[in-house]
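>>> Structure for the following, please:
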Amino acid sequence: MAIIDLHEAAQRLDRWFAECPSAAVAFSGGVDSSLVAYWARRCLGRGRSSAWTADSPSLKRIDLESAQAFCVDHDIAHRLLKTREIEDPDYALNPGDRCFHCKKTLYRRIHAELAESGNEVWVCSGANLDDRGDYRPGLLAAAEASVRHPLLECSIGKETVRALARHHGLKVWDKPASPCLSSRIPYGQAVTKEKLARIEAAENWMKEHGFPICRVRHDKETARVEVPADRLKALEKVWPLLIAAFGVLGFAAVELDEEGFVSGKLNRALGKAGAGV
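All right, here's what the predicted structure looks like:
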């Protein structure tokens, strides 16, 4: 991961936003987009900056609440968009480029909303320098929509992002990656509201029982559970409770992934690098 002096990183971002007329940040609530939204507000003020969140069944409610709280804490204008990408067959059929269709929908909606103002606004993402070597079909959608990437364009990687966020008192500085719920469903298996709700409930159960970092993969009717390798023994202690709880949620079977939590595991089927899923 690329890391640079924090003072230099801050100066780069200041110079970048000095050239920006206004900014609309595609805001998931993760540390990357949070830092961009914070910096846009810091440099441009509330009147020339805003954060836009796609409110869909694939977004955990806890992440939505966290995003809303962040914007309140930092006086950031926040807009929620009902993107309804799950109604798009190109998304719901869950192809390998599902993220492209999701981001395309989001960026199209943001641009449509901004067009009504008549002002020049740059739509921005939270992509950072380390994302360049990752499998990120959403970046193609961003390129097609002329989206700008302050962190990436300033050569700021993930480690520097977290360090900057911590330095500026952003509570999300150490927030684990929390990709959309659709990323838990293997490519080629349809994304449905029912599956997403089941996954969310299962991962909430995991968090409540001491496993904040986890994935519950929804493979057909089976829940495949991942936790960090050093937490596998702890999981064994609650395994009978987990099986019973997941059965109530509607899973026909439950399996433990003994490899442990690995970000991007489902992308192996595509022969791609991880995309944080």
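
>>> and the gap between Ile110 and Val147?
9 Å (Cβ to Cβ, to the nearest Å). Any C-beta I mention is one placed from the backbone N, CA and C, and that applies to glycine too.

>>> Show me the common contact partners of those two, please.
Ala26, Val123 (Cβ atoms under 8 Å, 6 or more residues apart in numbering).

>>> Could you look up the SS state of the residue nearest the centre of the chain?
With distances taken as Cα atoms, centre = their mean, Pro179 lies nearest the centre of the chain, 4.0 Å away. For Pro179, the assignment made with DSSP: H, G, I helix; E, B strand; the rest coil gives coil.

>>> Got the phi and psi for it?
Note on Pro179: backbone dihedrals following degrees, to the nearest 10 are phi -70, psi 170.

>>> next one: Ala51
The phi/psi pair for Ala51 (degrees, to the nearest 10) reads phi -120, psi 140.

>>> if I pick it, what's in contact with it?
Neighbour list for Ala51: Ala24, Val25, Phe27, Ser33, Ala37, Ala67, Cys71, Ile76, Ala77, His78, Arg79 [criterion: Cβ under 8 Å, 6+ apart].

>>> looking at the residues you listed, which has the most residues close by?
The most neighbours of any of the contacts of Ala51, using other Cβ atoms under 10 Å, belong to Ala37, which has 32 neighbours.

>>> which residues in the chain form strands?
23-26, 49-54, 78-81, 122-124, 215-219, 222-226, 253-256 (DSSP state E).

>>> The third one pairs with which strands?
Meaning strand 78-81. If you go by DSSP bridges, strand 78-81 pairs up with strand 49-54 (parallel).

>>> before we move on, the earlier item: next, find the distance separating the residue nearest to the centre of the chain from Trp122.
Counting by Cβ to Cβ, the separation of Pro179 from Trp122 is 25 Å.
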